[in-house]
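Participant: Please find the sequence and the predicted model below.
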Amino acid sequence: MPNAATGANMALAGIVGVSTPTAVQIVGSLGLESPVVPGVGLPTSTVLPVQEITPTLTFIPSPTVTASVVAPVVMQGLYSYYFPDLGGVNCHGDNWIDDKCKNTSASSMGWRDKLGWAVAVSPTEYGGGVPVFPYGSWLVVTSPAEIAGRYLVFDLCQGCYRSDGFLYFDFLDNTQKLEWSTPILYYVDY
(Lines give C-alpha, C1' and ligand atoms only; values in the text may rest on other atoms or scores of the structure.)
Protein backbone atom coordinates (compact mmCIF):
# COMPACT_ATOMS: atom_id res chain seq x y z
CA MET A 1 0.00 0.00 0.00
CA PRO A 2 1.27 3.44 -0.64
CA ASN A 3 2.30 5.60 2.28
CA ALA A 4 0.15 8.72 2.18
CA ALA A 5 2.93 10.94 3.51
CA THR A 6 5.74 9.84 1.21
CA GLY A 7 4.09 8.01 -1.64
CA ALA A 8 6.45 5.07 -0.98
CA ASN A 9 5.21 1.53 -1.21
CA MET A 10 4.97 -0.13 2.23
CA ALA A 11 5.60 -3.56 0.73
CA LEU A 12 8.94 -2.35 -0.50
CA ALA A 13 9.72 -1.16 3.03
CA GLY A 14 9.20 -4.65 4.35
CA ILE A 15 11.53 -6.13 1.76
CA VAL A 16 14.38 -3.83 2.66
CA GLY A 17 13.78 -4.25 6.42
CA VAL A 18 12.59 -0.81 7.39
CA SER A 19 9.46 -0.73 9.53
CA THR A 20 8.52 2.86 8.84
CA PRO A 21 10.63 3.84 5.88
CA THR A 22 11.09 7.42 4.74
CA ALA A 23 11.40 8.39 1.13
CA VAL A 24 15.10 9.16 1.57
CA GLN A 25 15.73 5.73 3.12
CA ILE A 26 13.94 3.94 0.27
CA VAL A 27 15.76 5.85 -2.43
CA GLY A 28 19.11 5.42 -0.68
CA SER A 29 18.58 1.68 -0.27
CA LEU A 30 17.98 1.34 -3.99
CA GLY A 31 21.30 3.04 -4.77
CA LEU A 32 19.64 6.17 -6.11
CA GLU A 33 20.85 9.61 -5.19
CA SER A 34 17.98 11.79 -6.40
CA PRO A 35 15.56 12.96 -3.76
CA VAL A 36 11.96 11.90 -3.94
CA VAL A 37 9.36 14.61 -3.88
CA PRO A 38 6.56 13.75 -1.41
CA GLY A 39 3.40 12.71 -3.19
CA VAL A 40 5.31 11.61 -6.29
CA GLY A 41 6.29 8.00 -6.89
CA LEU A 42 9.84 6.71 -7.22
CA PRO A 43 11.70 7.98 -10.24
CA THR A 44 11.84 5.66 -13.19
CA SER A 45 14.27 5.55 -16.08
CA THR A 46 13.20 5.43 -19.67
CA VAL A 47 15.69 3.89 -22.06
CA LEU A 48 15.49 5.22 -25.57
CA PRO A 49 17.12 3.41 -28.43
CA VAL A 50 20.15 5.27 -29.81
CA GLN A 51 20.04 5.90 -33.51
CA GLU A 52 23.46 6.09 -35.03
CA ILE A 53 23.83 9.06 -37.37
CA THR A 54 26.56 9.38 -39.94
CA PRO A 55 27.09 13.02 -40.93
CA THR A 56 26.95 13.70 -44.63
CA LEU A 57 27.56 16.86 -46.62
CA THR A 58 24.70 17.81 -48.89
CA PHE A 59 25.06 20.64 -51.37
CA ILE A 60 21.96 22.69 -51.92
CA PRO A 61 22.14 24.54 -55.20
CA SER A 62 21.64 28.27 -54.94
CA PRO A 63 19.77 30.26 -57.53
CA THR A 64 21.88 31.16 -60.54
CA VAL A 65 22.60 34.85 -60.70
CA THR A 66 22.59 36.20 -64.21
CA ALA A 67 23.74 39.64 -65.18
CA SER A 68 21.30 41.69 -67.10
CA VAL A 69 22.68 44.23 -69.47
CA VAL A 70 21.03 47.58 -69.22
CA ALA A 71 21.58 49.86 -72.17
CA PRO A 72 23.07 53.18 -71.10
CA VAL A 73 21.04 56.31 -71.58
CA VAL A 74 22.62 58.11 -74.51
CA MET A 75 22.25 61.88 -74.40
CA GLN A 76 23.26 64.77 -76.60
CA GLY A 77 25.81 67.42 -75.74
CA LEU A 78 27.99 69.88 -77.60
CA TYR A 79 31.70 69.81 -78.36
CA SER A 80 34.27 72.29 -77.19
CA TYR A 81 37.94 71.87 -76.44
CA TYR A 82 40.64 73.47 -74.33
CA PHE A 83 44.39 73.41 -74.05
CA PRO A 84 45.61 75.01 -70.78
CA ASP A 85 48.89 76.27 -72.24
CA LEU A 86 46.88 78.58 -74.55
CA GLY A 87 46.12 80.64 -71.43
CA GLY A 88 43.09 82.90 -71.05
CA VAL A 89 39.92 80.91 -70.30
CA ASN A 90 41.90 77.70 -70.85
CA CYS A 91 43.87 78.12 -67.61
CA HIS A 92 42.76 79.44 -64.24
CA GLY A 93 44.49 82.80 -63.56
CA ASP A 94 46.13 81.47 -60.36
CA ASN A 95 47.79 78.69 -62.38
CA TRP A 96 49.24 80.89 -65.16
CA ILE A 97 52.97 81.25 -64.43
CA ASP A 98 55.75 82.25 -66.88
CA ASP A 99 53.52 81.91 -69.96
CA LYS A 100 52.58 78.35 -69.05
CA CYS A 101 49.74 76.76 -67.15
CA LYS A 102 50.65 74.75 -64.06
CA ASN A 103 50.06 71.00 -64.39
CA THR A 104 46.98 70.92 -62.16
CA SER A 105 43.20 70.88 -62.46
CA ALA A 106 40.11 71.39 -60.30
CA SER A 107 40.41 67.74 -59.21
CA SER A 108 44.11 68.27 -58.30
CA MET A 109 45.09 65.80 -61.04
CA GLY A 110 47.70 66.88 -63.53
CA TRP A 111 46.54 67.49 -67.09
CA ARG A 112 49.67 67.14 -69.23
CA ASP A 113 49.56 63.32 -69.31
CA LYS A 114 45.83 63.33 -70.17
CA LEU A 115 45.87 65.16 -73.50
CA GLY A 116 43.43 63.50 -75.88
CA TRP A 117 41.63 61.33 -73.32
CA ALA A 118 40.18 63.59 -70.63
CA VAL A 119 37.34 66.08 -70.37
CA ALA A 120 36.25 69.03 -68.25
CA VAL A 121 32.56 69.09 -67.35
CA SER A 122 29.98 71.43 -65.95
CA PRO A 123 29.78 71.41 -62.14
CA THR A 124 26.04 70.63 -62.33
CA GLU A 125 24.61 68.54 -59.50
CA TYR A 126 21.68 66.34 -58.71
CA GLY A 127 19.68 67.18 -55.60
CA GLY A 128 21.71 66.82 -52.42
CA GLY A 129 24.98 68.01 -53.96
CA VAL A 130 25.78 64.82 -55.90
CA PRO A 131 27.68 65.75 -59.07
CA VAL A 132 26.19 64.62 -62.39
CA PHE A 133 29.69 63.93 -63.67
CA PRO A 134 31.89 62.97 -60.68
CA TYR A 135 35.67 63.02 -61.01
CA GLY A 136 36.95 59.63 -62.04
CA SER A 137 33.84 58.69 -64.03
CA TRP A 138 34.06 58.25 -67.79
CA LEU A 139 32.28 60.19 -70.51
CA VAL A 140 31.75 57.68 -73.30
CA VAL A 141 31.27 59.40 -76.66
CA THR A 142 29.47 57.25 -79.23
CA SER A 143 29.28 59.84 -82.02
CA PRO A 144 30.78 61.45 -84.07
CA ALA A 145 33.40 58.88 -85.00
CA GLU A 146 36.25 61.45 -84.97
CA ILE A 147 36.14 61.64 -81.16
CA ALA A 148 34.30 58.42 -80.22
CA GLY A 149 35.85 56.84 -77.14
CA ARG A 150 36.20 57.04 -73.36
CA TYR A 151 37.24 60.30 -71.68
CA LEU A 152 38.20 60.65 -68.03
CA VAL A 153 36.15 63.27 -66.16
CA PHE A 154 38.83 65.19 -64.25
CA ASP A 155 38.28 68.94 -64.50
CA LEU A 156 35.55 71.57 -64.24
CA CYS A 157 34.31 73.83 -66.97
CA GLN A 158 32.46 76.81 -65.53
CA GLY A 159 31.12 77.90 -68.92
CA CYS A 160 29.94 74.48 -70.08
CA TYR A 161 26.36 74.78 -68.86
CA ARG A 162 24.58 77.62 -70.57
CA SER A 163 21.38 79.35 -69.57
CA ASP A 164 19.73 78.19 -72.82
CA GLY A 165 20.04 74.60 -71.52
CA PHE A 166 22.87 73.44 -73.75
CA LEU A 167 25.59 71.37 -72.12
CA TYR A 168 29.11 71.59 -73.52
CA PHE A 169 31.97 69.18 -72.90
CA ASP A 170 35.44 70.68 -72.91
CA PHE A 171 37.77 68.02 -74.34
CA LEU A 172 41.41 68.37 -73.23
CA ASP A 173 43.63 68.33 -76.29
CA ASN A 174 46.38 70.31 -77.97
CA THR A 175 44.36 70.55 -81.24
CA GLN A 176 40.72 71.14 -82.03
CA LYS A 177 39.14 67.95 -83.48
CA LEU A 178 35.63 69.23 -84.40
CA GLU A 179 33.89 72.50 -85.11
CA TRP A 180 32.71 74.32 -81.97
CA SER A 181 29.23 73.24 -80.84
CA THR A 182 29.22 70.06 -82.95
CA PRO A 183 26.56 67.77 -81.42
CA ILE A 184 27.94 64.69 -79.70
CA LEU A 185 26.17 61.62 -78.33
CA TYR A 186 27.43 60.37 -74.99
CA TYR A 187 26.67 58.46 -71.82
CA VAL A 188 28.36 58.40 -68.44
CA ASP A 189 30.09 55.27 -67.13
CA TYR A 190 30.32 55.54 -63.35
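Facilitator: That came through, no problem.
Participant: nearest residue to residue 110 other than its sequence neighbours?
Facilitator: If you skip the residues right next to it in sequence, residue 110 has residue 103 as its closest partner in space, 4.2 Å away by Cβ to Cβ, 6 or more residues apart in numbering. Glycine gets a C-beta too; all of them are placed from N, C-alpha and C.
Participant: scratch that, residue 72 is what I was asking about
Facilitator: Take residue 72 and drop its neighbours on the chain: the residue closest to it by Cβ to Cβ, 6+ apart is residue 187, 3.8 Å away.
Participant: Run through the bridge partners of that neighbour.
Facilitator: The residues paired with residue 187 through beta bridges, assigned by DSSP bridges, are residue 140.
Participant: and it, how far is that from residue 177?
Facilitator: As for residue 187, its distance to residue 177 is 19 Å (criterion: Cβ to Cβ, to the nearest Å).
Participant: quick one: residue 132 and residue 153 touch, right?
Facilitator: No - at 9.7 Å, residue 132 and residue 153 do not qualify as touching, with contact defined as Cβ atoms under 8 Å.
Participant: quick one, which of the two is more surrounded?
Facilitator: Set side by side, residue 132 and residue 153 give different neighbour counts by other Cβ atoms under 10 Å, the larger being at residue 153 (23 against 15).
Participant: Need the pLDDT of that one.
Facilitator: As predicted, residue 153 sits at a pLDDT of 95.
Participant: where does it land in three-state SS?
Facilitator: Counting by DSSP: H, G, I helix; E, B strand; the rest coil, the backbone at residue 153 sits in strand.
Participant: Please tell me I have it right and it contacts residue 139.
Facilitator: Yes - because the distance of 5.8 Å satisfies Cβ under 8 Å, residue 153 is recorded as touching residue 139.
Participant: Give me the common contacts of the two.
Facilitator: Common neighbours of residue 153 and residue 139, using Cβ atoms under 8 Å, 6 or more residues apart in numbering, are 119, 121, 133, 188.
Participant: now, among those, which is nearest to residue 75?
Facilitator: residue 188 (8.6 Å; Cβ to Cβ).
Participant: who's in contact with the closest one?
Facilitator: Residues 72, 132-133, 137-140, 153 are the ones in contact with residue 188 under the rule Cβ under 8 Å, 6+ apart.
Participant: Any chance of a markdown table for those residues, columns distance to residue 182?
Facilitator: Written out in a markdown table, the entries for these read as follows (distance: Cβ to Cβ, whole Å):
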| residue | distance to residue 182 |
| --- | --- |
| 72 | 21 |
| 132 | 21 |
| 133 | 19 |
| 137 | 22 |
| 138 | 20 |
| 139 | 15 |
| 140 | 17 |
| 153 | 19 |
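Participant: okay, now the domains of the protein?
Facilitator: Listed by automatic domain parsing, the domain ranges of the chain are 1-43, 75-189.
Participant: among the ones you listed, which is the most enclosed?
Facilitator: Of all the domains of the chain, domain 75-189 has the most neighbours on average by mean count of other Cβ atoms under 10 Å, namely a mean of 15.
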